[in-house]
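Asks: Need a 3D model of the following:
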Amino acid sequence: MSTLFVSLQGISPMHQATELEIMSEHAERGEKLYLLHCDACLLTCSLNSTHNLLGCAMCDARATDTADRVAAETLKLKESLFPDRFPQEMPENVDELLEVTIDGINIGRGAASSTVSILRDYNLEPRGRHRKLVELQLRNATGALKNYQWVLDEIHPDRVIVFNGRHSELWPLLGLCRQRGIPFATHERGGNDQLYQLFENSLPHSILTRQRLMRELWSARPRAERELAATNWYEAKKVGKHRDDRNYLAQQKAGELPTNWDADLHNIAVLVSSEDEMQAIKEWITPLYRQQNEVVSRLLADLRGRTDLHIYIRMHPNLGSVDNQQTRELYAMDQENLTVIRPQEAFDTYAVLEAADVVLSFASSAGVEATFWGTASVLYGRAFYEGEDAAYEPADYEQLVDLLTTPNLPPKPRKNVLRYGYFVSHFGIPYHRVRVVDTKTVYLGKDKMKRFGPRMAANLLRYLPQIPRWLKTHRIITNRRLRLSQLTKLYSHLREKA
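Replies: Numbering: from 1, shown residues only. Modelled structure (predicted):
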């Protein structure tokens, strides 16, 4: 049995430790292990999109150290396989980008996913203002695919394991594995930073895979234990003490509602969330709409002039620094029975959820949280909790309007959201061979994973001739020149304006 690990996540201590944990387990079983590392050959990647050479040096040092610890055979990407130009005509729009293939393998979805994540904007113009960025991702995906074809031909692994997998540098490998019938797995963080999860033959974002894992975890635990733990998660999330996700409550004032809140009206809370992470993932496509704003705009038009109701749009806090088509459209929405709560505003999201007569969400976990706290919740689109009877799920727009405008719509039973609450807080595999303190602090045995070291320094010296490429990539990714203050900001890739 042989397993190929593709190690491109070394900037993240937690994800690198996860790779070592999994490799160590495989080594203990006596398997033949291969580790493919980048050696600064990728044009860009999800964790170091600007090709910051400090990040490259660190990532590759950690990858090769991991290989040494488990006696894995190492292979390196070949820079010569990355094209100077994308070999096809540039796609005209995002729909064409999503369908780009090389040698029968889709690379477009990975390129689109990376591009949208950088821009935080789904309104891509591959032949216009985003041409250089889209072409960079397509060239990156093409070169990565050519490398993976060479590697699989060379070693013929029985299984492949990678981190995440949705971006331009790894998405082609998953398609290649499917084409050749090679089982693969993606790894990601679990329900908290003490757990990781393997997703067999799927992305971590797969609704079907997560629902299967959710059912398995729920059935494997005693009823009293799982229900208490789920209840504790909902209560902790309300006060910002959960560990499965970022806490956005620090900037909100507990219990505070918008000053114009009128409890005598029929109040509809619309929870708008960012769409960039799932935009290019096929499983998340819904026939109901293309973007959330389409639904919101239609609702506003149809409910305009209704003096018996008020609509509160709560923009997700993570949209606070985003300037894109979605946020600009939301900020421009205006009518008498509408209040747009901007991301930075301190009104309490949970107070809004509880005070509203009905809540509309598109994918957010706030949809099930509304049900838990006793408010009728409507899910319009795809979500990990779809099919759980945790929220109303209208089949079309007419049903949606009917649900949102029905007085005294009863909430779904609280018990229906417990399985989801237990899963998001407890899914995953505990670490046994490495110690993860938090996302940035891990120990490999007694050794703390360091940011700098001799191997990294040696890598950096080798990579210095690539400084012009670093500067060029930084300009393409960020739309601005590299500043001295940004030399060590390895994750700083978002553009000031999309």
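
Asks: show me where pLDDT drops low in the stretch 151-300 of the chain?
Replies: The stretch 151-300 of the chain contains residues with pLDDT under 70 at 242-250, 277.

Asks: Can you tell me the element residue 26 falls in?
Replies: Residue 26 is part of helix 13-28 when elements are defined by DSSP states H and E.

Asks: what about residue 129, distance to residue 275?
Replies: 20 Å (CB to CB, to the nearest Å). The C-beta positions use only the backbone N, C-alpha and C, and glycine is treated the same way.

Asks: Residue 254 now?
Replies: Distance from residue 254 to residue 275, by CB to CB: 28 Å.

Asks: how about the nearest residue to residue 352, chain neighbours excluded?
Replies: residue 269 (5.2 Å; CB to CB, 6 or more residues apart in numbering).

Asks: Now the helix holding residue 26: buried residues?
Replies: 13-24, 26-27 (16 or more other CB atoms under 10 Å).

Asks: what helices or strands is it leaning on?
Replies: When contacts are defined as 3 or more CB pairs under 8 Å, 6 or more residues apart in numbering; DSSP states H and E, helix 13-28 packs onto strand 2-7, strand 32-37, helix 53-69, strand 159-163, strand 184-189, strand 195-200, strand 435-438, strand 441-444.

Asks: can I get those in JSON lines with distance to residue 450?
Replies: Listed next are the helices and strands packed on helix 13-28 as JSON lines, based on distance: least, CB to CB, whole Å:
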{"stretch": "strand 2-7", "distance to residue 450": "17"}
{"stretch": "strand 32-37", "distance to residue 450": "18"}
{"stretch": "helix 53-69", "distance to residue 450": "9"}
{"stretch": "strand 159-163", "distance to residue 450": "20"}
{"stretch": "strand 184-189", "distance to residue 450": "21"}
{"stretch": "strand 195-200", "distance to residue 450": "21"}
{"stretch": "strand 435-438", "distance to residue 450": "14"}
{"stretch": "strand 441-444", "distance to residue 450": "10"}
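
Asks: With respect to residue 386, which of the ones you listed lies nearest?
Replies: With CB to CB as the measure, strand 195-200 is the member of the helices and strands packed on helix 13-28 nearest residue 386 (18.0 Å).

Asks: What residues sit buried inside that closest one?
Replies: Along strand 195-200, these residues count as buried under the neighbour rule (16+ other CB under 10 Å): 195-199.

Asks: How about the contacts made by residue 238?
Replies: Contact analysis of residue 238 by CB atoms under 8 Å, 6 or more residues apart in numbering lists 350, 369, 373.

Asks: closest to residue 447 among those residues?
Replies: Among those, residue 369 lies closest to residue 447 (CB to CB), at 40.4 Å.

Asks: Helix or strand for that closest one, just tell me which one.
Replies: Residue 369 is located in helix 366-372, with elements delineated by DSSP H and E.

Asks: What's the mean pLDDT across that helix?
Replies: Average pLDDT, helix 366-372: 96.

Asks: ditto for stretch 409-420
Replies: On average, stretch 409-420 scores 98.

Asks: which outside residues touch that stretch?
Replies: Under CB under 8 Å, 6+ apart, the answer for stretch 409-420 is 214-215, 218, 226-227, 230-231, 234, 357-358, 365, 368-372, 374-377, 384-385, 388-392, 403.

Asks: Narrow those residues to those that are buried.
Replies: Buried residues within those, counting neighbours by 16+ other CB under 10 Å: 214, 218, 226-227, 230-231, 234, 357-358, 365, 368-372, 375-377, 384-385, 388, 390-392, 403.

Asks: Please list the members of the residues you listed that lie in strands.
Replies: Taking DSSP state E as the definition of strands, the buried ones among the contacts of stretch 409-420 contribute 358, 376-377.

Asks: got JSON lines for the residues you listed, with distance to residue 134 and pLDDT too?
Replies: Listed next are those as JSON lines, based on distance: CB to CB, whole Å; pLDDT from 0 to 100:
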{"residue": "358", "distance to residue 134": "40", "pLDDT": "98"}
{"residue": "376", "distance to residue 134": "42", "pLDDT": "98"}
{"residue": "377", "distance to residue 134": "37", "pLDDT": "98"}
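
Asks: Now the helix of greatest length in the chain: buried residues?
Replies: If you go by DSSP state H, the chain has its longest helix at helix 131-155. Using 16+ other CB under 10 Å as the test for burial, helix 131-155 gives 133-149, 151-152.

Asks: got the contact list for residue 253?
Replies: Residues near residue 253 by CB under 8 Å, 6+ apart: 346-348.

Asks: how about 6 Å then?
Replies: Counting by CB atoms under 6 Å, 6 or more residues apart in numbering, residue 253 touches residue 346.

Asks: Also residue 2?
Replies: Counted by CB under 6 Å, 6+ apart, residue 2 has contacts 32, 157-158.

Asks: Against residue 385, how distant is it?
Replies: 38 Å.

Asks: higher neighbour count, residue 129 and residue 275?
Replies: Under the neighbour definition other CB atoms under 10 Å, residue 129 and residue 275 were set side by side, and residue 275 has more, 22 against 13.

Asks: Which strand or helix spans the more buried one?
Replies: Applying DSSP H and E, one finds residue 275 in no helix or strand.

Asks: Regarding residue 401, which helix or strand does it belong to?
Replies: Assigned by DSSP H and E, residue 401 falls within helix 397-405.

Asks: hmm, who's touching that helix?
Replies: Outside of helix 397-405, the residues within contact range by CB under 6 Å, 6+ apart are 268, 358, 378, 380, 392, 394.

Asks: can you pull up the bridge partners for the second one?
Replies: Beta-bridge partners recorded for residue 358 (DSSP bridges): residue 268, residue 376.

Asks: Surely it and residue 376 touch.
Replies: Yes. Using CB atoms under 6 Å, residue 358 makes contact with residue 376 at a distance of 4.6 Å.

Asks: I'd like to know how many residues surround residue 436.
Replies: For residue 436, the count of nearby residues is 23 (other CB under 10 Å).

Asks: wait, I meant residue 293
Replies: Neighbours of residue 293 (other CB under 10 Å): 18.

Asks: go on, residue 276?
Replies: Residue 276 has 20 nearby residues by other CB under 10 Å.
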